[in-house]
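J.: I'll drop the sequence and a predicted model, then ask my questions.
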Amino acid sequence: MMARRNRPLLPSAERALDHLKYEVAEDLGLDDAIEERGWGGMTTRDVGKIGGTMVKRLIRKAEQNLSDGR
């Protein structure tokens, strides 16, 4: 099965999302594994942890923006 790559709705957000991805990986202690094996060598579980944590942070930020009236 061919991997499907989702693109952000705003192309300018891609850099910010990549930055967040690496920040989360570092916070979870997975940055060394990514550097060593690359993204293709990561387990589905580890990539899922990164993605899930990214979603939680993005939701938290959106909630903060909404409560701040932005």
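T.: Looks like it arrived, so ask away.
J.: tell me where the protein is predicted with low confidence.
T.: Within the chain, the segments meeting pLDDT under 70 span 1-5, 70.
J.: residue closest to the middle of it?
T.: The C-alpha lying nearest the average C-alpha coordinate of the chain belongs to K21 (C-alpha atoms, centre = their mean; 3.3 Å).
J.: would you check that that one makes contact with I50?
T.: Yes - in this structure, K21 is within contact of I50 by C-beta atoms under 8 Å, at 6.3 Å. The C-beta positions use only the backbone N, C-alpha and C, and glycine is treated the same way.
J.: got any residues that touch both of the two?
T.: Here K21 and I50 share no contacting residue, scored by C-beta atoms under 8 Å, 6 or more residues apart in numbering.
J.: which SS class is the residue nearest to the centre of the chain?
T.: Following DSSP: H, G, I helix; E, B strand; the rest coil, K21 is assigned to helix.
J.: show me what contacts it?
T.: Taking C-beta under 8 Å, 6+ apart as the test, what K21 contacts is I50, M54.
J.: from D68, how far off is it?
T.: 25 Å (C-beta to C-beta, to the nearest Å).
J.: assign R7 to helix, strand or coil.
T.: Using three-state DSSP, the structure places R7 in coil.
J.: could you count how many residues lie near it?
T.: Burial of R7 is recorded as 9 neighbouring residues (other C-beta atoms under 10 Å).
J.: same thing with G41?
T.: Residues near G41, counting by other C-beta under 10 Å: 10.
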